[in-house]
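J.: Need coordinates for the below:
(chains A and B)
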Amino acid sequence: MTLPVLSRRQSLAQLFKATLGASLVGWLATPAQAQVDKLTLSGLSEARLRTFEEMVRPYVQNQDLKKERVSLSLPMLADNGHMVPLSLKIDSPMTEASHITHVYLISQRNPVPLMAKFVMGPWSGRADLSTRVRLSGNQSVIALARLSDGNFIFDVQEVVVTEAACVDNG
Amino acid sequence: MSSARLQLPPRIVQGDVFKLRLLVNHPMDSGFLRDIDGVIIQRNVIRHLICTLNGREVFRVEPTTGVAANPLFEFYLRATESGDMLFRWVDDKAYIGELRHSLVVEPANSSQPASN
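T.: As a prediction, the model looks like this:
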């Protein structure tokens, strides 16, 4: 006699819990959704990864392009995308006959693909560089060097960025 | 407003390849961020930075918004002559920054034996 009443109470309680739970989940979900929208608005999610072709095409037309002699070093995991140390070693004799004339740093995901362009010559003595760049999220970075004979060499490195640049007001 | 610091090895001997570290104070505002009131901060980055030695261009950088604030550039030069080094950079607000340094290159194997 008492059992069905209890079960009804229990089921009501369960129903109540379930509704409350669902509404709570809904409540929690709203700010998360808003956050995602904010990210989309600031251009992170819509920023598509560029293909290798798209990254390199503005600089290399019909010349040779080889992955050799350039070694690009970036941290494997960059905590802060606002300041990522980047260093570059290029094996070149840097003589009048054979030297590096330009170096381009190209990003796969940043709103502006070219991060910096460097101009050097045989007077440089050594074609190594280092600087600090901004990266908006996980991506590959290309270092493209133009040789004095007009051909190009490059290196590519992947980097994981925990906190992307161009998102917050930091 | 915008200034720079240059670091060089203490002694530069003729024929050496030496490293230059140039740190420029510049906000490098990318134009993608907003300030605390939600107003977009206008883009203001260095358009180019040119290093000349005795009037001859020896190094040039053209950064975009992809270079971090207070940019650091490390590069190398072969020591050939003493002279005046001039670093000059221009940003989006047409501000021209300058840094002068008189480079002293010691002649090779002078009084002391070459140590390398």
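J.: what's the neighbour count on the residue of chain A found nearest chain B?
T.: Closest residue of chain A to chain B, Cβ to the nearest Cβ: residue A:115 (2.9 Å). Where you see a C-beta, it was placed from the backbone N, CA and C, and this is true even at glycine. When neighbours are defined as other Cβ atoms under 10 Å in any protein chain shown, residue A:115 has 25 of them.
J.: And the strands in chain B?
T.: With strands called from DSSP state E, chain B shows them at B:4-7, B:17-24, B:46-53, B:56-63, B:72-78, B:83-91, B:96-103.
J.: buried stuff in the longest one?
T.: For strand B:83-91, the neighbour count (16 or more other Cβ atoms under 10 Å in any protein chain shown) marks B:83, B:85, B:87, B:89, B:91 as buried.
J.: Given it, what are its sheet partners and their directions?
T.: Next to strand B:83-91 in the sheet, as set by DSSP bridges, lie strand B:46-53 (antiparallel), strand B:96-103 (antiparallel).
J.: separation between the residue lying closest to residue B:86 once chain neighbours are set aside and chain A?
T.: By the measure of Cβ to Cβ, 6 or more residues apart in numbering or on different chains, the closest residue to residue B:86 outside its immediate chain neighbours is residue B:52, 5.0 Å from it. Distance, residue B:52 to chain A, using Cβ to the nearest Cβ, to the nearest Å: 11 Å.
J.: Likewise for residue B:45?
T.: Relative to chain A, and taking Cβ to the nearest Cβ, residue B:45 is found at 9 Å.
J.: closest to residue A:76 out of the strands of chain B?
T.: In terms of Cβ to Cβ, the element of these nearest to residue A:76 is strand B:72-78, at 20.6 Å.
J.: Give me the residue at the spatial middle of chain B.
T.: Among the residues of chain B, residue B:22 comes closest to the average C-alpha position under Cα atoms, centre = their mean, at 4.1 Å.
J.: Tell me how far that residue lies from residue A:155.
T.: According to Cβ to Cβ, to the nearest Å, residue B:22 and residue A:155 sit 24 Å apart.
J.: same thing with residue B:20?
T.: 23 Å.
J.: the bottom helix or strand of chain A by mean pLDDT?
T.: The helix or strand of chain A with the lowest confidence, counting by mean pLDDT, DSSP states H and E, is helix A:2-41 at a mean of 48.
J.: phi, psi of the residue in chain B positioned nearest to chain A?
T.: Chain B approaches chain A most closely through residue B:66 (2.9 Å), counting by Cβ to the nearest Cβ. Backbone geometry at residue B:66, expressed as degrees, to the nearest 10, gives phi -80, psi 0.
J.: Same check on residue A:55?
T.: For residue A:55, the backbone dihedrals (degrees, to the nearest 10) come out as phi -70, psi -40.
J.: Hmm, it is touching residue A:141, no?
T.: No: under the criterion of Cβ atoms under 8 Å, residue A:55 makes no contact with residue A:141, lying 9.4 Å away.
J.: which neighbours do those two share?
T.: With Cβ atoms under 8 Å, 6 or more residues apart in numbering or on different chains applied, the overlap between the contact sets of residue A:55 and residue A:141 consists of A:106, A:108.
J.: and residue B:11, how many neighbours?
T.: Residue B:11, neighbours per other Cβ under 10 Å, totals 10.
J.: For it, which non-adjacent residue is spatially closest?
T.: Nearest one to residue B:11, counting by Cβ to Cβ, 6+ apart, is residue B:106 at 6.5 Å.
J.: Please apply the same query to residue B:65.
T.: residue B:30 (4.0 Å).
J.: ok, that neighbour - contacts?
T.: Here residue B:30 is in contact with A:134, A:165, A:166, B:43, B:45, B:65 (Cβ under 8 Å, 6+ apart).
J.: Give me the buried subset of those.
T.: For these, buried by 16+ other Cβ under 10 Å: A:134, A:165, A:166, B:43, B:45, B:65.
J.: So the first one is in contact with residue B:67, correct?
T.: Translated: residue A:134. Yes: Residue A:134 lies in contact with residue B:67 (Cβ under 8 Å); the separation is 6.9 Å.
J.: Find residues that contact each of the two.
T.: Shared contacts of residue A:134 and residue B:67, defined by Cβ under 8 Å, 6+ apart, comprise residue A:115.
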